[in-house]
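1. can't give you the sequence, but here's the structure:
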């Protein structure tokens, strides 16, 4: 991913009036990780990650696996072995409203994983689940092909049909924010003048 041209999730969120932000508990395992790509949606039964393995096999390089784990925080959706396979196959990252395990090994992979937390318990592998169907993850409805952006502030979802206009608006917001910061940075009088508007 071109990190130099990454638009912060805050700007993307602002361009959608904050409507498509995932649960604020879903954060990157490593603060500096960035994520941007189309969603490959996964709906897994609680505590059973067989469908996650199937999704890794079916997803295209550059896709983001977005896994609806029903918010379960007891059993992991994956550990470092499964996450390592996703990285090797070129999947852009993983987002889940569940938890993962093998944290030390996963962090060593230096790969974008956004989740609610960590656990020690593994999942079973007997269920089926669904792939590439509409899901709800982190309180947001997500369709296959919607775009997912993640950074240290969290994760936002960009509806695929509105991606161009939303990203244009988000870029304008970023540009305006940067100009505003330049205007007032370190200048007490400029700050006071700015605050007079409020």
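-> Done, it's in. Quantities reported herein were computed from a predicted structural model and do not represent experimental measurements. Numbers count the residues shown, from 1 in each chain.
2. what secondary structure does residue 94 sit in?
-> Of the three states, residue 94 takes strand according to DSSP: H, G, I helix; E, B strand; the rest coil.
3. that one: neighbour count?
-> Using other CB atoms under 10 Å, residue 94 has 30 other residues around it. Every C-beta, even on glycine, is put in place using the N, C-alpha and C of the backbone.
4. for it, give me its contacts.
-> Residue 94 sits next to 64-65, 67, 77-78, 83, 86, 112-115 when contact means CB atoms under 8 Å, 6 or more residues apart in numbering.
5. all helices for the chain, in order.
-> 9-15, 50-58, 80-88, 103-108, 163-184, 188-195 (DSSP state H).
6. thinking again about what came up before, dump the contacts of residue 94 into CSV; add neighbour count as well.
-> Below are these laid out as CSV (neighbours: other CB atoms under 10 Å):
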residue, neighbour count
64, 25
65, 26
67, 24
77, 30
78, 29
83, 27
86, 23
112, 25
113, 27
114, 25
115, 26
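7. list the ones among those residues that fall in strands.
-> Residues of those located in strands (DSSP state E): 64-65, 67, 113-115.
8. closest one of those residues to residue 8?
-> residue 114 (14.8 Å; CB to CB).
9. tell me the contacts of the closest one?
-> Residue 114 neighbours (CB under 8 Å, 6+ apart): 26-29, 33, 35, 93-96, 150, 154-155.
10. gap between it and residue 126?
-> Taking CB to CB, to the nearest Å as the measure, residue 114 falls 26 Å from residue 126.
11. then residue 107?
-> For residue 107, the distance to residue 126 equals 29 Å [CB to CB].
12. before we move on, what about residue 198?
-> 58 Å.
13. check residue 155 too.
-> Residue 155 sits 29 Å away from residue 126, going by CB to CB.
14. the more surrounded of these two?
-> residue 155 (29 against 8).
15. what residues are up against the closest residue to that one other than its chain neighbours?
-> In this structure, residue 155 finds its nearest non-sequential neighbour in residue 22, 4.2 Å apart by CB to CB, 6 or more residues apart in numbering. By CB under 8 Å, 6+ apart, the contact set of residue 22 is 95, 97, 137-140, 154-157.
16. please apply the same query to residue 132.
-> 40-41, 58, 144.
17. kindly report the same for residue 58.
-> Applying CB under 8 Å, 6+ apart to residue 58 gives the contacts 40, 131-132.
18. wait, which of those residues is closest to residue 167?
-> Using CB to CB, residue 40 is the member of the contacts of residue 58 that lies nearest residue 167, at 19.8 Å.
19. wait, doesn't that closest one sit right on residue 63?
-> Yes: if you go by CB atoms under 8 Å, residue 40 and residue 63 touch, sitting 4.1 Å apart.
20. mutual contacts of the two, please.
-> residue 91.
21. can you list the strands that the longest strand belonging to the chain pairs with?
-> Longest strand in the chain by number of residues, with DSSP E as the criterion: strand 35-43. Strand 35-43 pairs in its sheet with strand 64-68 (parallel), strand 130-131 (antiparallel), strand 147-151 (antiparallel), by DSSP bridges.
22. I am finished for the moment; much appreciated.
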